[in-house]
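*Asks:* quick one, what's the 3D model for this:
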Amino acid sequence: MQSSPINFDDKSTEQGFQFVFKCAICGAPYQSAFVASQDAREKAVFNKVAQFGGMFSNKASLAGAFGGQAYQTPQWTKEHDAALQKATTEATAHFHQCPKCHKYVCDNDWKADVSLCATDAAAAKAAVAPPAQQAATAICPKCGQPSGGGKFCNNCGAPLGPVKCAACGTENAPGAKFCSGCGAKL
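*Replies:* As a prediction, this is how the structure comes out:
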């Protein structure tokens, strides 16, 4: 028997063929149309004639010998494969195949803006996202060199934190020459 590239459940019986295709991410279903088995119709007609004539069908005896699975004859299997191929073609119109992971997904799990499934789109977005910006290298207001980011400059030892005004106690930005609270020289 053939298989389908899309996840599916086979609901086929002796009477005919039907398949339920599922999204690879969320499992949303799409059910194919039921296709009656020609082999089953021929058997039904044969069995009616056999019962009317008082004869027993070899196919009916065969069904008992195989525990009811005799409907999977070579003819039935051939019809099943053809029905699955047709149903798969029908189902592909309802799903999108991701070019990265090759999974078939429904419209809800398809990101059309990047033409990827939701899983791969999220991974691609994370890979393209700009790296977190590192803190800008602090420059010492006294010597003009990179300070190293501590409380004191690594080059000249000048304090890098806010400067407290001796006159009024206001904290001023590092490197300020005059107090923003009283105007006194720092």
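*Asks:* how near is the nearest residue to F34 once chain neighbours are set aside to L84?
*Replies:* For F34, ignoring the flanking residues on the chain, the nearest one in space by C-beta to C-beta, 6 or more residues apart in numbering is Q18 at 4.7 Å. Using the backbone N, CA and C atoms, a C-beta is placed for each residue, glycine as well. Here the distance between Q18 and L84 works out to 10 Å (C-beta to C-beta, to the nearest Å).
*Asks:* more crowded one of the two?
*Replies:* L84 (21 against 17; other C-beta atoms under 10 Å).
*Asks:* quickly find the element holding the more buried one.
*Replies:* helix 74-92 (DSSP states H and E).
*Asks:* can you pull the contacts of the residue of the chain most remote from its centre?
*Replies:* Within the chain, the residue lying farthest from the chain centre (C-alpha atoms, centre = their mean) is A167, at 64.8 Å. Each residue near A167 by C-beta atoms under 8 Å, 6 or more residues apart in numbering is listed here: 179, 182, 184.
*Asks:* now, of these, which are buried?
*Replies:* Restricting the contacts of A167 to buried positions leaves C179, with burial counted as 16 or more other C-beta atoms under 10 Å.
*Asks:* from the contacts of A167, which is closest to S32?
*Replies:* S32 has its nearest neighbour among the contacts of A167 in C179, at 81.1 Å by C-beta to C-beta.
*Asks:* and the closest one, backbone torsions?
*Replies:* phi -70, psi 130 (degrees, to the nearest 10).
*Asks:* P174 reaches F152, doesn't it?
*Replies:* No: the pair formed by P174 and F152 falls short of the contact definition of C-beta atoms under 8 Å, at 10.9 Å.
*Asks:* so what sits against both of the two?
*Replies:* Between them, P174 and F152 share these contacting residues under C-beta under 8 Å, 6+ apart: 159-160.
*Asks:* which of these two has more residues huddled nearby?
*Replies:* Under the criterion of other C-beta under 10 Å, the comparison of P174 against F152 puts P174 first, with 17 against 14.
*Asks:* and that one, how far from C165?
*Replies:* 13 Å.
*Asks:* now I6
*Replies:* Plainly put, I6 is 74 Å away from C165 if you go by C-beta to C-beta.
*Asks:* show me the shaky parts of the protein.
*Replies:* Counting by pLDDT under 70, the chain contains low-confidence residues at 1-2, 43-71, 129-136.
*Asks:* residue boundaries of the strands in it?
*Replies:* Shown for the chain, the strands assigned by DSSP state E span residues 7-10, 16-17, 19-22, 29-31, 35-36, 96-97, 104-105, 110-111, 116-117, 163-164, 171-172.
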